[in-house]
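**Student:** pasted the sequence and its predicted model underneath.
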Amino acid sequence: MDNIPVLTEEDSKTQWLTQILRQSLRISNTNEVISFNSEMLKGGCHFNVLKLSLIYSEPNSKLPTSVVLKTLKWNKTIVQKIILCIKKTLNVADREAIYLNSYEVETRFYKIYSTNIQGLRLPQILFSYENPFHHHFVMVMEDISHCENGQPLGFSMKDSMICLKYLAEFHATHWDHPTPKTNAKFWDIGGYWTGKKREANKKEIRKAWDHVFQYFHEDLQISESSKSLGVRLEHRLDDIALIMSLLEPRTLIHGDFKITNIFINHNNHDFYAESTTTEHVYAIDWQWFGIGNVALDVAHFIATSIHENSIQNSLELLHYYYRTLLENGISAEQHSWEKFWKNFQLCWIDFFIFTVVAKWGTMKPNDIELYQKEEKDGLHLRSYPHMRKLLIQTEEFINDLETSLSFKQE
């Protein structure tokens, strides 16, 4: 994989793909990719992700009919590159620097962890290239789009349990000793909305909530008593940030475990395995992989990915996840239900604040319709029942945490 050069504008893409497939899958030297059709994949927020449907000179049922090509390439001046490099090195909370770091995190993750992850499965990476300074990343990977993806309305209760089962197995593997492997790159707190990555944004919660109340108070059925929610959350930002930075225990987390990044293989067939296997849950887009509390992944999944009919059963899903943790060797003494529940509440509130500031606070009802049409991002941005659930539970959780003295009292 490493001795294949990155594709240039002068190269033949079919020849380049042929090289990759020959080396990765050991296809016959007489066989080659003679053409392909490309389709832009929807759902995520990536720079460029294409599904390439392949046509071979010697058709073979054992060969993949398609692969996924994920690329990022920015054309900036040398001065701009140096400035961004400095920002990346200093971990400045700059949008472009954070985004470049996220691609580097993902590329390193696949190189280092591709054969060492338990619970969740990964698509096979056929080719990987990274040049952070020149802002150029390329990956060619197995296409798993044929698997169940929960679109457009969310995962059923049964499939949600399957997702949480394998997520719990993944979390349990690195429980309380999440030491990343040598040369790995990762976030000190996993998740795209966590830690210093979005700290400055969250300070705009009062202004953003006023926008939400103005444009969504009818669709979300926001009561007059909730009009001051932005002020209330602003008042608790420091408390939430402090507690979130100290959450224990820690493990390795995905950081963006939501509907657009999850695929369930129900067909008991893995193209790259030597034999048929049981069902698998594939997770892609590891750009926000890092260290963190398990509740970060769980809260994110519940808020963004379950079917509308399962929203009222979210507590049942939490209990199921927690039981699965215990079944995978995590004792109640190590992590009690009460502690897990409190952590979940905090992570839920923190995600709500980010969602309001970075998303809802910049959107109008027609944006919700656009997200629905494009099946973009999570259901928290394209389903009013999910948005309302996120709001209602946030208010309930703040009340609970203030009552239990989790927040400092004035």
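**Tutor:** Thanks, I have the structure now.
**Student:** any low-confidence regions in the stretch 51-200 of the chain?
**Tutor:** Across the stretch 51-200 of the chain, nothing is flagged by pLDDT under 70.
**Student:** any idea how far the residue minimising distance to the centre of the chain is from Pro152?
**Tutor:** Centroid-nearest residue in the chain: Asp256, 1.8 Å away (criterion: Cα atoms, centre = their mean). Asp256 sits 19 Å away from Pro152, taking Cβ to Cβ, to the nearest Å as the criterion. In short, each C-beta sits where N, CA and C put it, glycine included.
**Student:** now do the helices in the stretch 1-150 of the chain.
**Tutor:** With helices called from DSSP state H, counting those that start in this stretch, the stretch 1-150 of the chain shows them at 13-25, 78-89, 95-113.
**Student:** make JSON lines from those and add mean neighbour count and distance to Glu327 to it.
**Tutor:** Below are the helices of the stretch 1-150 of the chain laid out as JSON lines (neighbours: other Cβ atoms under 10 Å; distance: least, Cβ to Cβ, whole Å):
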{"stretch": "helix 13-25", "mean neighbour count": "17", "distance to Glu327": "36"}
{"stretch": "helix 78-89", "mean neighbour count": "14", "distance to Glu327": "41"}
{"stretch": "helix 95-113", "mean neighbour count": "19", "distance to Glu327": "23"}
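**Student:** the stretch 251-400 of the chain: strands as residue ranges?
**Tutor:** 251-253, 262-265, 280-283, 290-292 (DSSP state E, counting those that start in this stretch).
**Student:** how about the contacts made by Asn31?
**Tutor:** Listed by Cβ atoms under 8 Å, 6 or more residues apart in numbering, the contact set of Asn31 reads Thr18, Arg22, Tyr56, Ser57, Glu58, Asn60, Leu63.
**Student:** so what's the backbone phi/psi at it?
**Tutor:** Backbone torsions for Asn31, taken as degrees, to the nearest 10, come to phi -90, psi 150.
**Student:** need the pLDDT of it.
**Tutor:** In this model, Asn31 is scored at 93, pLDDT.
**Student:** before we move on, what about the one 10 residues further on?
**Tutor:** At Leu41, the predicted lDDT confidence score is 84.
**Student:** per-domain residue ranges of the chain.
**Tutor:** 1-143, 149-410 (automatic domain parsing).
**Student:** buried deepest among the ones you listed, which one?
**Tutor:** For the domains of the chain, the largest average neighbour count (mean count of other Cβ atoms under 10 Å) is found in domain 149-410, namely a mean of 18.
**Student:** nearest to His211, of the strands of the stretch 251-400 of the chain?
**Tutor:** Ranking those by proximity to His211 (Cβ to Cβ) places strand 290-292 first, at 29.1 Å.
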